[in-house]
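K.L.:
Provide a 3D model corresponding to the input given below.
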Amino acid sequence: MSFRTTFFFICLFFPYGFAVFAQPANSVLKKVDSFWGSNTGNIIPGASVPFGMVKLSPNIRTNWTPTSAYRSGEPIIGFSHTQTSGTGGSPRYGSILIVPQMDTLILKELVKYPIINDYAAPGFYTSTLKSGNNEVRAELTASQKVGFHRYTFTKKYAKSDVLKANFIIDVSNTTHRMTNGKPSTYWKNGYVNVMPEKSAVEGYATFEGGWGGLNPYTIYFYLQFDQPFTSSDVWQDSLLLKQNFLATQNKDFSEKRFGAVVSFSKKNGEEVGFKVGISYVSMEKAMLNLLEKETLNFDDAKDEASTCWAKQLSKIEVKGTNIAAQKLFYSALRNTMLMPTDVTGEVPGWNPNTPHFWDFYCVWDVFRATMPLFTLLNPEAQRRMVNCMLDIYAKKGWLPDAWIADDYAYIQGGSNADVVLADAVVKKLGGFNVDVALQAVRKDAELQSENPRIKGRYVNDCKKFGYVLAESAAGSVSRTLEYAYNDFCIAQIALAAGEPVLSEKYKKQSLEVYKLFYPEHKMFWGKDSVQQWKPDFMPVSSRKDTWNDPNFYEGGSQIYSTYMPHDMAGLIQRHGGNEAFCHYLDKLFDSGVFSIENEPEFLIPYEYIYAADYPSTARSVHKILNSNYVPGPNGLPGQDDSGSMSAWYVFSAMGFFPVAGQDLYLIGTPLFEETRIQLEKNETFTITAKNLTNENIFVTKATLNGKSLDRAWFKHTEICNGAKLILEMSAKPNDWGKSNLPASVSKK
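P.N.:
Next up is the predicted model:
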């Protein structure tokens, strides 16, 4: 490979800069359990930096492999460099798998190694792989584009002090599930080359399949050992081949594999280290990414990753006697920053100077809490993500609701990038073109794409009938409800862009969804093409695969009929008033229909506030925080969905929750006596909860910046330049929060 191009690469260690509180780095990192939620939430425990391209983590392999490729306590097949975290559906990634082996080389099968002594902290993972008397201690850390490895080989009861340390580099590996003997994700072609004179290996592979469609991509790598190896080969399946190898996968999609193997003659207890640079552009770029970290040894890289995480996590400082909640809090905060993946400058065909992210998996999940959390804690990162969305629109024609492996993927509800943009507009995030944002969201609402399953909306149905027909799309009623809120968000953007007439048009349009409000049941339901109610009304889905329900996506009518965040007053009026609506919410909780396991449920505990019943919000939120979120690998109540479930905990534990797309936070009940949030420009938002105990969960009096606050809500624009919120807590509620309710479209 020749290098005729001079490449100048400046890698700011962490591009989203900020000031931080004076918490010792080790103090906040020790409060993080990287295994928290790994089973129920599909969280990766491995090494990365926030939004890192390299996510270096242990992989398992079963017929039903989770998207994170990990389950606590399961034997592993090795360590790969790319993952998703917290997601459902069919897995993908799991690229560039490293398998350490001792003495006997096993290529013909994927060996599953029991692991012991596994430990993880933000930016670091270690475990020991056992095979008889052989033990290999693996240590992993990462920078944005480079994975760092260190392995210690130990043979117990050895007659000789010399052993053979092998590394299998599986270039073809991908995380997948087997269906009818075929993997859901597979490699199509690839290349591997061993360079003994450089103690290095290079290669690439092209993959397709997994959640979202084929979405083919090619990943390139350059691997550099810290010492010469004694022997090397390339291989396909169980055959050793010549020193470089170009592979092509047959159309039968069988689990053929290829890669390289290198071996070292080592003394018992000696180490081998190496670095792996990755890129989606070329092997040259992968090598250059590695060279940027050429002088960094393993311990230095680990320290850098730890410092990076400590800076991010220290953006919030919580104080109080609830130590267990503090650990859950910082574990949750870490989870929110694993995705999306920052691939800026690493994807062919995209401007390397424009922010670009993969793995918006998907916006339907993250618009509700995760992205509002970025706006609060890391506004520069959120600006980059917003500009990425607008760049995708400019280049590909549509805003993404899901974007993975350089292409669109399934839209689960509405065109919810509209909400992300509205949230940025009303919170005055800045740094993006509002006129372009308005153009993009209007296209969602006014023009149907050739495939509304992955781009835009089912506009034609809405124009003809006023709602989506079940025969057009699964989740037809829930889509219509989400479109209504999307329209309200367009109205917000139009107003900011100086288009008041257009804003009023979309506000009015956002209320047309009431055509589907079924007065007899006080819920939303579907109609057919002649405006007749569909038969066989059901408040909950009859399907186990609720994502394929013809009427409601992952929720059912009883859940989704609460989703009118722009016009809660109008919804409450249709129930017959505050008391009737609160009774409806009570029934949701008492019947067990509500479970906080899916995103459409996120706002429900806070909706009592709209009906002048703040105490019921406090009770509900307190119960969820203490019952549904618990320590351990099974500690999340559902899939984390790119940090969404964790973001609900982070906000709620601080004592408030965003209504995404509006300049509005609803007050719940905090878990900490004091929370200090570092805002942009070195400003601080402090929440103090006086007299807080496990019984004193109700706010009975509040002040914001020294002025009395009689409402159970506040605005982002009231706190973004620094603020102090003081909540006085009691075991007995009073009338606080009953007046001055949040605004609704139909009642200002």
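K.L.:
strands paired with the least confident helix or strand in the chain by mean pLDDT, and their directions?
P.N.:
Ranked by mean pLDDT, DSSP states H and E, the helix or strand of the chain with the weakest confidence is strand 244-248, at a mean of 77. Paired strands of strand 244-248, with direction, are strand 185-195 (antiparallel) (DSSP bridges).
K.L.:
After the partner strand, which helix or strand is next?
P.N.:
strand 200-209 (DSSP states H and E).
K.L.:
Pairing partners for that following strand, with directions?
P.N.:
For strand 200-209, pairing defined by DSSP bridges yields strand 185-195 (antiparallel), strand 217-225 (antiparallel).
K.L.:
Identify all contacting residues around the shortest one.
P.N.:
Translated: strand 217-225. 81-82, 95-96, 169, 171, 198-208, 262, 272-283, 285-287, 289-290, 405-406 (Cβ atoms under 8 Å, 6 or more residues apart in numbering). For the C-beta atoms, the positions are set from N, CA and C on the backbone; glycine is no exception.
K.L.:
which among these end up buried?
P.N.:
81-82, 95-96, 169, 171, 199-208, 262, 272-283, 285-287, 289-290, 405-406 (16 or more other Cβ atoms under 10 Å).
K.L.:
Please flag which of the residues you listed sit within helices.
P.N.:
Counting by DSSP state H, the part of the buried ones among the contacts of strand 217-225 found in helices is 283, 285, 286, 287, 289, 290.
K.L.:
possible to save the residues you listed as JSON lines with pLDDT?
P.N.:
Below are these laid out as JSON lines (pLDDT from 0 to 100):
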{"residue": "283", "pLDDT": "97"}
{"residue": "285", "pLDDT": "98"}
{"residue": "286", "pLDDT": "98"}
{"residue": "287", "pLDDT": "98"}
{"residue": "289", "pLDDT": "98"}
{"residue": "290", "pLDDT": "98"}
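K.L.:
quick one, helices of the stretch 401-550 of the chain?
P.N.:
417-426, 434-446, 459-465, 476-496, 500-509 (DSSP state H, counting those that start in this stretch).
K.L.:
and the angle for the first one with helix 434-446?
P.N.:
In this structure, helix 417-426 runs at an angle of 150 degrees to helix 434-446, with axes from the mean of the first three to the mean of the last three Cα atoms, to 10 degrees as the basis.
K.L.:
Tell me the buried residues in helix 417-426?
P.N.:
Applying 16+ other Cβ under 10 Å to helix 417-426 flags 417, 418, 419, 420, 421, 422, 423, 424, 425, 426 as buried.
K.L.:
ok, of these, which one's closest to residue 649?
P.N.:
residue 423 (19.7 Å; Cβ to Cβ).
K.L.:
Could you report the separation of the closest one from residue 279?
P.N.:
32 Å (Cβ to Cβ, to the nearest Å).
K.L.:
ditto for residue 617
P.N.:
In terms of Cβ to Cβ, residue 617 sits 48 Å off from residue 279.
K.L.:
what about the spatially most central residue of the chain, which SS state?
P.N.:
Among the residues of the chain, the one closest to the centroid is residue 642, at 1.6 Å (Cα atoms, centre = their mean). Look at residue 642: counting by DSSP: H, G, I helix; E, B strand; the rest coil, its state is coil.
K.L.:
Quick check: nearest residue in space to it, chain neighbours excluded?
P.N.:
Using Cβ to Cβ, 6 or more residues apart in numbering and skipping residues adjacent in sequence, the residue nearest residue 642 is residue 339, 4.5 Å away.
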